[in-house]
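In: Structure, please.
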Amino acid sequence: MRYRIKIAIITILAALSCSSGSLMAEPIRLSNSKVLAQGSSGFNADAVELLIEKGDSAASSGKLEEAKKNYDKAIAASKQLLSFYRDLSGAFRGLDARIPREMDSKGKRVLGLLAKTNLRLASLFRRQNQPEIAVPVLVEVIRLMSPAKPQGQQAYQRLFELGFVETPYSAAGRKSF
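Out: The predicted model follows:
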């Protein structure tokens, strides 16, 4: 038994001495830190915007399936981000007001991107002559943003154009009681 332990120790020491030190921990470099904050490859609102732009580019060049994939990825990432921001905001409420404010601010931005992506996706479905698939996407925009916001108004207008609703809505013409 003693021989096995000695052989294992000698083998480990020999392997370490032969290596170029790559097994040793490297100090964290600034360029490697905050990986998720990087716009092109991170997990943040900028990455969602990049996916939307890729979808727009694909849609404008007629690659509708590729556009749909990018929009779907943007929607999935937005929903995940929203969930995480809400969880963090709730966890820190009452402990440190700065963190919920930051998470709420990030959440609002991502919510706007989610609405923007849903509007793009609904347009894509209309372009593919699938208006029945566009309806739930447009209704989700109204649910997320409310008809008082420009994205909600735009979604309702598209539902009106599709014939899903018959009553026109004009935010400027609303009467308050």
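In: how about the helices in the chain?
Out: Under the criterion DSSP state H, helices of the chain are mapped to 2-18, 45-60, 64-92, 98-127, 131-145, 150-162.
In: and these as a markdown table, adding mean neighbour count and mean pLDDT?
Out: Just so you know, the C-beta spots here come from the backbone N, C-alpha and C atoms, and that holds for glycine as well. Below are the helices of the chain laid out as a markdown table (neighbours: other CB atoms under 10 Å; pLDDT from 0 to 100):
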| stretch | mean neighbour count | mean pLDDT |
| --- | --- | --- |
| helix 2-18 | 9 | 53 |
| helix 45-60 | 18 | 94 |
| helix 64-92 | 17 | 94 |
| helix 98-127 | 19 | 95 |
| helix 131-145 | 18 | 94 |
| helix 150-162 | 18 | 94 |
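In: And the closest residue to residue 113 other than its chain neighbours, how close does it get to residue 152?
Out: Distance criterion CB to CB, 6 or more residues apart in numbering; nearest residue to residue 113, sequence neighbours excluded, is residue 48 at 4.9 Å. Separation of residue 48 from residue 152 (CB to CB, to the nearest Å): 19 Å.
In: same deal with residue 65?
Out: According to CB to CB, residue 65 and residue 152 sit 28 Å apart.
In: What of residue 115?
Out: To residue 152, residue 115 is 8 Å away according to CB to CB.
In: which neighbours do those two share?
Out: Common neighbours of residue 115 and residue 152 are listed as 141, 144-145 (criterion: CB atoms under 8 Å, 6 or more residues apart in numbering).
In: ok, of those residues, which one's closest to residue 135?
Out: Distance to residue 135 across these (CB to CB) is lowest for residue 141, with 10.9 Å.
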